[in-house]
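Chemist: Using only what follows, build the 3D model:
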Amino acid sequence: MSLRSPANVFRFYARDSLCRRCSYLKTASFSHTTSSRTALASSSPRLKADYFVSNAFAPRLHDDRNSRSRSSTAPNHRNDRNDENRDLPHRRRQAAKRIASSRGTVLNGTTAEAPLPPDASSLLTTASTRHPANCLRRQLSLLLSLSKPRLTVLVVLTAMAPYALYPVPAFLSPSIGLDTPSLSPLTLVFLSTGTLLCSASANALNMLYEPAWDAMMTRTRNRPLARGLLSQRKAIAFAALAALTGVGSLYFGVNPTVAFLGAVNIALYAGVYTPLKRVSWLNTWVGAIVGGIPPLMGWAAAAGESATGNGSFSELLLTSDAVGGWLLAALLFAWQFPHFMALSWPIRDEYKAAGHQMLAWVNSARNGRVALRYSLVFIPLCVALCTAGVTEWSFAVTSLPVNLWLAREAVLFWRHGGFKGSARGLFWASVWHLPAVMVLALVQKRGMWGRVWRSVVGEPELDDEDYDDWIDEAVAGAGPAVGQARVGAGAGVPPIASR
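Modeler: Numbering: from 1, shown residues only. Next up is the predicted model:
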């Protein structure tokens, strides 16, 4: 037994020692004033052994207990911090993605595919709700959302590109001055405006037919008619006015053939494709036909600029000069399948719940095969455009990497059945594929760089014999379109200038 030193009996640093309590009471009057009520209510502290007898093991035991309590409560604080993080929006999104991935792994053996973002109509409708109900800006936004803006812009571009790709004689004949316009800008304005209005009418009729089923799908539930933000009477009036104005613009500003194609497109999309979605999965093929008509409209509009007859359907689209237009229509027809098959796969369950007969859930294996099959036809189509004299032969080479990229994504989509990110990869590949191919075709249009070269170095001086030889070679290479230029040049009046 060892005796403790007297200095340890009254340790000032002990928490409940007598010295600390006494010093606190002595100095309390100098630091603050104590009320009489508090003085009466306060009771003397209980005496503890620590006041008189110091135990060297007590602080150590106390410190050990504190350390154990801190270690036991530390995970709780960490869990509380995790709970707070889970409440944050980005934490909730991450947790939802992990849950979706785990479900996909359990059900299919691979990771699940994240759904695609809402369409432009839904986003525009949501933005319009920030304004008052009777606000003109809100009403215009709702009417604009009826037209499906992104889809309508795409349709207009697919009509403008063939119009610009048409091999007009001004690009092929050196006898026509460089200051002569190849095509009429006013015709292009009427073509773009009429196509836009026809597409807006068809899309509005599509939404008017299926608001109840749009409300069942996350991608379309925010459309104006599905949310009841716009009356059906206004939607019908908008669709009718857009159809009449669009077809009229095409008829009087372009030609009757283009106006007929615009009216047929409205009837096919709203009258055949939309109801067929609830009957058969063949609706996708009808929708692909609808997507292939705008290139024919642009081609027929350009062909009408140099037509010698009355501009009938057979003259503009059923001759050997119209091969390029039908090839461009086939390109847009084929493009619909990899694009839509990839788009519909992540939301196939919603299509099924809404009652839409889509190949993504009716036969998912065939869905992948169809996407792959039509992705492989772009290479021969691009070569055919070169053969038809629409583009230079360099287009077959420069478009090959883009076509191979789409084919590769289609192979992955077919091999993985849409899982492992293959559906999203094919979707974005198709989104970039179409504008890339169109831009490459426009840049390498037949005769364009020759026209640029002539504008730099000057016009060639050809006598009559050399000019006839040049025309014979051009006719053999470019087809009857240049033959018309020869007839017009021989008469002394260029075909486009005569118009």
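Chemist: Please, which helix or strand holds the residue nearest to S399 when sequence neighbours are not counted?
Modeler: In space, and not counting its chain neighbours, S399 is closest to C382: 4.6 Å by C-beta to C-beta, 6 or more residues apart in numbering. Placement of C-beta: from N, CA and C, glycine included. Using DSSP states H and E, C382 sits within helix 378-387.
Chemist: Would you mind identifying the next helix or strand past that helix?
Modeler: Read in the C-terminal direction, the helix or strand following helix 378-387 is helix 394-398, with elements assigned using DSSP H and E.
Chemist: I'd like the average pLDDT over that following helix.
Modeler: Mean pLDDT, taken over the full extent of helix 394-398, equals 95.
Chemist: Run through who's touching that helix.
Modeler: The contact list for helix 394-398, computed with C-beta atoms under 8 Å, 6 or more residues apart in numbering, reads 382-383, 385-386, 440-441, 444.
Chemist: What segments of the stretch 201-350 of the chain are strands?
Modeler: With DSSP state E, counting those that start in this stretch, there are no strands along the stretch 201-350 of the chain.
Chemist: quick one: the helices in it?
Modeler: Taking DSSP state H, counting those that start in this stretch as the criterion, the stretch 201-350 of the chain contains helices spanning 211-214, 224-227, 232-253, 256-267, 274-276, 283-303, 313-317, 323-344, 348-354.
Chemist: one step back: which other helices and strands contact the helix holding C382?
Modeler: helix 323-344, helix 394-398, helix 400-416, helix 422-443 (3 or more C-beta pairs under 8 Å, 6 or more residues apart in numbering; DSSP states H and E).
Chemist: State the phi and psi torsions of K445.
Modeler: phi -60, psi 140 (degrees, to the nearest 10).
Chemist: Tell me how many other residues surround the residue nearest to S399.
Modeler: Residues near C382, counting by other C-beta atoms under 10 Å, number 23.
Chemist: What residues of stretch 140-149 count as buried?
Modeler: Residues of stretch 140-149 classed as buried under the neighbour-count rule (16 or more other C-beta atoms under 10 Å) are 141-149.
Chemist: same question but for stretch 184-193, I mixed them up
Modeler: In stretch 184-193, residues buried by neighbour count (16+ other C-beta under 10 Å) are 184, 187-188, 190-193.
Chemist: just checking, which of the residues you listed belong to helices?
Modeler: 187-188, 190-193 (DSSP state H).
Chemist: Domains in the protein, by residue range?
Modeler: If the domains of the chain are taken from automatic domain parsing, they occupy 137-318, 337-450, with pieces of a single domain joined by a plus sign.
Chemist: how about the ones you listed, which one is nearest G324?
Modeler: Closest to G324 of the domains of the chain is domain 337-450 (C-beta to C-beta; 4.0 Å).
Chemist: measure the closest one end to end?
Modeler: Between the opening and closing residues of domain 337-450 lies a distance of 36 Å (C-alpha to C-alpha, to the nearest Å).
Chemist: Could you report the neighbour count for F333?
Modeler: Using other C-beta under 10 Å, F333 has 22 neighbouring residues.
Chemist: Tell me who's in contact with the spatially closest residue to S375 that is not a sequence neighbour.
Modeler: Spatially, and ignoring its direct neighbours in sequence, S375 is nearest to A410 (3.7 Å; C-beta to C-beta, 6+ apart). Contact criterion C-beta under 8 Å, 6+ apart gives 338, 371-372, 375-376, 426 as the residues in contact with A410.
Chemist: just A407 next, same as before
Modeler: For A407, the contacting residues are 372, 375-376, 378-379, by C-beta under 8 Å, 6+ apart.
Chemist: Can you tell me which of those residues are buried?
Modeler: Among those, those scoring as buried are 372, 375, 378-379 (criterion: 16+ other C-beta under 10 Å).
Chemist: rewinding a little: least reliable of the domains of the chain by average pLDDT, please.
Modeler: Taking the average pLDDT of each of the domains of the chain, the minimum falls on domain 137-318, with a mean of 88.
Chemist: Would you mind measuring the gap between the ends of that one?
Modeler: Separation of the first and last residues of domain 137-318 by C-alpha to C-alpha is 46 Å.
Chemist: same thing with stretch 247-264?
Modeler: For stretch 247-264, the first and last residues are 10 Å from each other (C-alpha to C-alpha).
Chemist: Next, the buried residues of it.
Modeler: Within stretch 247-264, judged by 16+ other C-beta under 10 Å, the buried ones are 247, 249-251, 253-264.
Chemist: Any chance of the backbone angles for T218?
Modeler: Dihedral angles of T218 (phi, psi; degrees, to the nearest 10) stand at phi -60, psi -30.
Chemist: what about it, how many neighbours?
Modeler: Other residues within reach of T218 by the criterion other C-beta under 10 Å amount to 13.
Chemist: wait, it sits on D349?
Modeler: No. Counting by C-beta atoms under 8 Å, T218 stays clear of D349, with 10.5 Å between them.
Chemist: Distance check, the nearest residue to N403 once chain neighbours are set aside against L440.
Modeler: In space, not counting the residues next to it along the chain, N403 is nearest to F378; the distance is 4.4 Å by C-beta to C-beta, 6+ apart. When distances are taken as C-beta to C-beta, to the nearest Å, F378 and L440 turn out to be 12 Å apart.
Chemist: same check, this time on W453
Modeler: For W453 relative to L440 (C-beta to C-beta), the value is 20 Å.
Chemist: Mind checking which of these two has more residues around it?
Modeler: Per other C-beta under 10 Å, whichever of W453 and L440 has more neighbours is L440, with 17 against 10.
Chemist: Please tell me I have it right and the more buried one contacts S399.
Modeler: Yes. Between L440 and S399 a contact is recorded at 5.3 Å, counting by C-beta under 8 Å.
Chemist: and the nearest residue to M341 once chain neighbours are set aside, helix, strand or coil?
Modeler: Distance criterion C-beta to C-beta, 6+ apart; nearest residue to M341, sequence neighbours excluded, is A371 at 4.0 Å. Reducing the assignment at A371 to three states with DSSP: H, G, I helix; E, B strand; the rest coil gives helix.
Chemist: where in the stretch 1-150 of the chain is pLDDT low?
Modeler: Of all residues in the stretch 1-150 of the chain, those with pLDDT under 70 make up the ranges 1-87, 90, 97-119, 122.
Chemist: so what's the closest residue to L268 other than its chain neighbours up against?
Modeler: Distance criterion C-beta to C-beta, 6+ apart; nearest residue to L268, sequence neighbours excluded, is V290 at 5.1 Å. With contacts taken as C-beta under 8 Å, 6+ apart, V290 has the following neighbours: 202, 265, 268-269, 273.
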